[in-house]
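**Student:** Let me see the structure of the following:
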Amino acid sequence: MSETNYSTSDMEAMFESVKNWGKWGAEDERGALNYITAEKIAEGARLVRTGESVSCALQFPTRPAPDNPRPAQHMMVVAGDACTHGDGIESAMDYIGVAFHGMAVSHLDALCHVFVKEEMYNGFKSSDVLSTGATRNTVMAGKDGISGRAVLLDIPRFRGVEWLEIDQAISADELESAADEQGIQVGEGDILLVSTGRDARRRARGSWSPADGLAGMNASCVPWFHDRRIAMLGCDGVSDAIPSGDAEGWPMPIHQCGIVGMGLHLLDNLRLDLLAQACERHERWEFFLVVAPLRVKRGTGSPVNPIAFF
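**Tutor:** Numbering: from 1, shown residues only. From the prediction side, this is the model:
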């Protein structure tokens, strides 16, 4: 863990130093996804050797819990136990509804999800996100799918523990050391996934409110991500350690500097324990990842079920 504490002015300087505004043009709304070229996708697809696939999503959370105060809705519109034989087709139909931003649903954060000083990625104004939806930086940046080489850094494995405690943070130095220990490099166009062991802790101790604390990465990781030109970041938490602790005045520096400054789409609340097991079996920490957000025209994100292929 880094012992560096960043003042408000330090964080403002960091934010300015990692900005990708204008890098891909004044009208760009894809941000770091631009690092994933057609060549990068083809290169990543060559990592599929056995055809094994692994979901990186949590089960749809329909029950209230300390980390799920607004449960997703799932109800039947037509059910088989109420079906009567007739001349038409016999069927079942259901309805789902979800407020996916939060701590319980596996989802993608679009670049209109977070603002810094009333601005979002590439200098677009927060006022471009209306009560009727966003007009800039929407989830439609991923309308054709997001795929490429992905890397998992398993921090509990690196530390020799089952999970990180809720008051523990991950530093850039630890990310680098974990990558070295796993024999993997993180580079331009990669989708980086970071495990904190949240799944194992939840199974052992039950759900808890993230307001009490949630393991994640601290502000020192922001320049590390920027220097490696990663295309997307995901975590079994929300990437940020909660509370951030080391970043004065910046409650979620990964979200704020990553989404707004770098144009970095985030994947929150993933399930990564099964993926880690697959990586162990295959003796490699790289794989092909496919993420297909819903095509919500003015959406600030989307529930997702990322699939890793080996």
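
**Student:** The helix or strand hosting residue 181 packs against which elements?
**Tutor:** According to DSSP states H and E, residue 181 maps onto helix 172-182. Contacts defined by 3 or more Cβ pairs under 8 Å, 6 or more residues apart in numbering; DSSP states H and E place helix 172-182 against strand 146-154, helix 155-159, helix 221-228. C-beta: built from backbone N, CA, C; applies to glycine.

**Student:** Can I get those in CSV including mean neighbour count and distance to residue 281?
**Tutor:** Output for the helices and strands packed on helix 172-182, formatted as CSV (neighbours: other Cβ atoms under 10 Å; distance: least, Cβ to Cβ, whole Å):
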stretch, mean neighbour count, distance to residue 281
strand 146-154, 24, 13
helix 155-159, 19, 14
helix 221-228, 20, 26
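
**Student:** Nearest to residue 13, out of these?
**Tutor:** Nearest of those to residue 13, taken as Cβ to Cβ: helix 221-228 at 10.7 Å.

**Student:** separation between the residue nearest to residue 8 when sequence neighbours are not counted and residue 83?
**Tutor:** Spatial nearest neighbour of residue 8, chain neighbours left out: residue 249 (4.1 Å); criterion: Cβ to Cβ, 6 or more residues apart in numbering. From residue 249 across to residue 83, the span is 58 Å (Cβ to Cβ, to the nearest Å).

**Student:** ditto for residue 90
**Tutor:** Using Cβ to Cβ, one obtains 5 Å as the distance from residue 90 to residue 83.

**Student:** Likewise for residue 170?
**Tutor:** Separation of residue 170 from residue 83 (Cβ to Cβ): 51 Å.

**Student:** so what's residue 233 up against?
**Tutor:** By Cβ atoms under 8 Å, 6 or more residues apart in numbering, residue 233 lies in contact with 191-194, 225, 239, 254, 258, 264-267.

**Student:** Okay, and which of those map to strands?
**Tutor:** Mapping the contacts of residue 233 onto strands (DSSP state E) picks out 191-194, 265-267.

**Student:** out of these, which are buried?
**Tutor:** Buried members of these, counted by 16 or more other Cβ atoms under 10 Å: 191-194, 265-267.

**Student:** Can you tell me which of those is nearest residue 39?
**Tutor:** Residue 39 has its nearest neighbour among those in residue 191, at 15.4 Å by Cβ to Cβ.

**Student:** Which strand or helix spans the closest residue to residue 294 other than its chain neighbours?
**Tutor:** Using Cβ to Cβ, 6+ apart and skipping the chain neighbours, the partner closest in space to residue 294 is residue 302 (4.3 Å). Assessed by DSSP H and E, residue 302 sits inside strand 301-303.

**Student:** now do residue 200
**Tutor:** Element membership for residue 200 (DSSP H and E) is helix 198-205.

**Student:** Using CSV, write out the CA atom coordinates for that helix.
**Tutor:** Extracted C-alpha coordinates of helix 198-205, given in CSV (Å, rounded to 0.1, in the frame of the first residue of the first chain):
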residue,chain,number,x,y,z
ARG,A,198,-15.0,-9.4,-2.5
ASP,A,199,-16.8,-12.6,-3.6
ALA,A,200,-15.0,-14.7,-1.1
ARG,A,201,-15.6,-12.2,1.7
ARG,A,202,-19.3,-12.0,0.9
ARG,A,203,-19.7,-15.7,1.0
ALA,A,204,-17.9,-16.1,4.3
ARG,A,205,-19.3,-13.1,6.2
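
**Student:** ok, the most centrally placed residue in the chain - contacts?
**Tutor:** Nearest to the geometric centre of the chain sits residue 267, at 1.3 Å (Cα atoms, centre = their mean). Counting by Cβ under 8 Å, 6+ apart, residue 267 touches 56, 106-109, 193, 232-235, 291, 304, 306.

**Student:** Can you add pLDDT and distance to residue 295 and give the ones in strands among the contacts of residue 233 back as TSV?
**Tutor:** TSV is the format used below for those (pLDDT from 0 to 100; distance: Cβ to Cβ, whole Å):
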residue	pLDDT	distance to residue 295
191	98	20
192	99	25
193	99	24
194	98	28
265	98	15
266	98	19
267	98	17
